[in-house]
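>>> When you get a sec, could you give me coordinates for this:
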Amino acid sequence: MASSHRSRPNRRRFLAATASLTATCAASRQMFGFQTTSLASLLPTVGQDRPKIGCIGVGGQGTYIGHRARGYGDVVAVCDVRRQNAERARNEYGGEVEIFEDYRRLLERDDIQVVTIGTPDHWHTAPAIAAVEAGKHVYCEKPLTLTIDEGKRLVEAVKKSGRTFQVGTMQRTDMLQFARAVATARSGQLGKLTRIDVVLPGPAPAGGPFAKRDVPEGLNWDFWQGQTPEVDYIPERFEQFRWWFEYSGGMMTDWGAHYVDIAHWALGIEDSGPTEIDGSRTRLPEVADGFNTPTDYDVDLKYGDVLVKITSGGDHGVLITGDKGRIFVDRGRLTGKPIEMQEADASLKEPVMKASEALFHGNTAKLGDHMGNFFEAWQKGLPVVSDVVGQHRVVSACHLANISIRLGRKIVWDPVAEAIVGDDQAQAMLARPQRAPYAIG
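Numbers count the residues shown, from 1 in each chain. Sure, this is the predicted structure:
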């Protein structure tokens, strides 16, 4: 399948990144109060019993998650609509790796038990549904879907299949300060929650108009576009797909899928969502043939009595506020008076740490490895920490924010019916027209 916009990894860079991640995970466990363990102890023994893995989408991030999956099994097949990506990944993974351009052919291999999906966002849902229907267990990158309607279909397919499905919101497991922040928010030590500020990185890239170019050799541009409207090749569409509504949702579904996830986790929302969404203060770019997602954000989402405020720029992370205190968490720290009080008083810290670990449903991989959590859940029949239902609801909130932004008005959402109330134009945006022959069935 398709390439990621991220830089293409090589083996040396991957090994350096893996070493850095392992060190970060260990530091995270120690810094934020979790018992340490050796990740090597989680690896399956070498031999015929190692799971066989197929990687769909092996651009930058797709290759990276394939490398992480190799800690738990053997990659035997890769798929990408850019031939050069597939050949590079095959060389990096080593061994007898079969190359495919069409993910459906990869899924026909009966020996493949696990599939990773590292495609651009508009190509997450179709292969994910096809994979679980083919009996595969799936690790799929975030954001989970391109539309809310896709999410509904995917949730139904995963439930029907009974397969293990992990979404790649790595903050949940790789960076354990987020679990401690969530447990603190749920513990009552902040009092009644009143507001959660989600601050996205920013500003997002702006640019255009961009020139049309010839399709590069080795790229199946028609297949890459998939269900989206057919257009001439523009390198920025392929290389920086995040900033085009046709293929993604901008910073809202990129980092928003990470940070809104933490807000939902703190609120204990597994299968619900906001009731009011107002993105009318956020402005869209006004340029033809250029990036069309916002550069800056100002969006309000109401969850009962709690306001989730999404902005961008400055010190990005999540600020959780209650009537008795507040805490701030990002990828490098967890701060706030309640955390200081926990460090000074074991009677406050110990129950929070136990509740933090309970968020991982008993997986031994809970101590800092999101891919390990997936394999552990599959092999032991445990729930994953980042399941399809919860992540569908997270990205639905992000999609609703984008719908409100694009319409320039507040919308009302019924989280039970999963429908927009009293606004037919907005309701129609829960799905999109899909180009044949790539429509999701």
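
>>> Hmm, P294 and L284 touching each other?
Yes - using CB atoms under 8 Å, L284 is in contact with P294, at 6.0 Å. No exception for glycine: its C-beta is placed from N, CA and C like everyone else's.

>>> overlap in contacts of these two?
Shared contacts of L284 and P294 (CB atoms under 8 Å, 6 or more residues apart in numbering): I405.

>>> which one of these two has more residues nearby?
Neighbour count, other CB atoms under 10 Å: between L284 and P294, P294 has more, with 27 against 14.

>>> so the residue lying closest to that one once chain neighbours are set aside, which of the three states?
The spatially closest residue to P294, leaving aside those adjacent along the chain, is T282, at 5.2 Å (CB to CB, 6 or more residues apart in numbering). Of the three states, T282 takes coil according to DSSP: H, G, I helix; E, B strand; the rest coil.

>>> so T321 sits in a helix?
No - applying three-state DSSP, one finds T321 to be strand, outside a helix.

>>> Setting aside sequence neighbours, what's the nearest residue to it?
Using CB to CB, 6+ apart and skipping the chain neighbours, the partner closest in space to T321 is R195 (4.5 Å).

>>> Go ahead and confirm the one you found touches G304.
No - look at R195 against G304 with CB under 8 Å: they stay out of range, at 12.0 Å.

>>> Looking at the two, which one has more neighbours?
Taking neighbours as other CB under 10 Å, R195 and G304 compare with R195 leading, 14 against 10.

>>> Please tell me how far that one sits from K302.
Separation of R195 from K302 (CB to CB, to the nearest Å) stands at 11 Å.

>>> again, but for V318
For V318, the distance to K302 (CB to CB) stands at 17 Å.

>>> So these two - more neighbours on which side?
Neighbours were counted for V318 and for K302 using other CB under 10 Å; V318 has more, 26 against 16.

>>> Please identify the helix or strand for the residue nearest to that one when sequence neighbours are not counted.
Spatial nearest neighbour of V318, chain neighbours left out: I262 (4.8 Å); criterion: CB to CB, 6+ apart. Element membership for I262 (DSSP states H and E) is helix 250-267.

>>> Against which helices or strands is that helix packed?
On a contact count with 3 or more CB pairs under 8 Å, 6 or more residues apart in numbering; DSSP states H and E, helix 250-267 meets helix 171-174, helix 177-187, strand 193-200, strand 306-312, strand 317-322, helix 388-407.

>>> Following element in sequence after the helix or strand bottoming out on mean pLDDT in the chain, please.
Sorting the helices and strands of the chain by mean pLDDT, DSSP states H and E puts helix 11-31 at the bottom, at a mean of 48. Moving toward the C-terminus from helix 11-31, the next helix or strand (DSSP H and E) is strand 52-56.

>>> Pop the domain breakdown of this structure in here.
Following automatic domain parsing, the chain resolves into domains at 11-172, 175-361+388-428.

>>> Could I get the full set of helices for the stretch 201-350 of the chain?
221-225, 235-239, 250-267, 337-344, 346-358 (DSSP state H, counting those that start in this stretch).

>>> So which of the ones you listed is nearest A179?
Smallest distance to A179 across the helices of the stretch 201-350 of the chain (CB to CB): 4.5 Å, for helix 346-358.

>>> buried ones in that closest one?
348-349, 352-353, 355-357 (16 or more other CB atoms under 10 Å).

>>> Now do that helix: distance to the chain's middle.
Centroid separation between helix 346-358 and its chain, computed with CA atoms, centre = their mean, to the nearest Å, is 27 Å.

>>> same deal with stretch 320-327?
Distance of stretch 320-327 from the chain centroid (CA atoms, centre = their mean) equals 26 Å.

>>> Touching it from outside, list them.
Contacts of stretch 320-327 (CB under 8 Å, 6+ apart): 181, 184-185, 189-197, 263, 266, 319, 328-329, 334-339.

>>> pLDDT value on A288, please?
In this prediction, A288 carries a pLDDT score of 88.

>>> Let me know whether it touches G208 as I believe.
Yes - with contacts counted by CB under 8 Å, A288 reaches G208, the gap being 7.1 Å.

>>> tell me the SS of the residue positioned nearest the centre of the chain?
Geometric centre of the chain, nearest residue: K142, 2.1 Å, by CA atoms, centre = their mean. Here K142 is coil, with the state taken from three-state DSSP.

>>> Look up the closest residue to it, ignoring the ones flanking it.
For K142, ignoring the flanking residues on the chain, the nearest one in space by CB to CB, 6+ apart is A257 at 4.5 Å.

>>> Now do that neighbour: how many residues are near it, please.
Using other CB under 10 Å, A257 has 25 neighbouring residues.

>>> My guess is it contacts V395. True?
Yes - applying CB under 8 Å as the test, A257 and V395 come out as touching, 5.6 Å apart.

>>> what touches both of these two?
142-144.

>>> What is the nearest of these to E150?
L144 (8.3 Å).

>>> State the pLDDT value of G95.
82.

>>> Can you name the residues that contact it?
Taking CB under 8 Å, 6+ apart, we find G95 in contact with 74-76.

>>> residues contacting the residue nearest to V318?
Neighbour list for I262: 171, 178, 181-182, 198, 318, 329 [criterion: CB under 8 Å, 6+ apart].

>>> okay, and for the protein, where does confidence drop off?
Applying pLDDT under 70 to the chain flags the ranges 1-48, 364-366.

>>> can you do 50?
Across the chain, the ranges flagged by pLDDT under 50 are 2-20, 22-23, 36-46.

>>> Of the domains of the chain, which is nearest Q434?
For those, the distance to Q434 is smallest for domain 175-361+388-428, at 4.0 Å, taking CB to CB.

>>> and the closest one, how far apart are its ends?
Length of domain 175-361+388-428, first residue to last, CA to CA, to the nearest Å: 37 Å.
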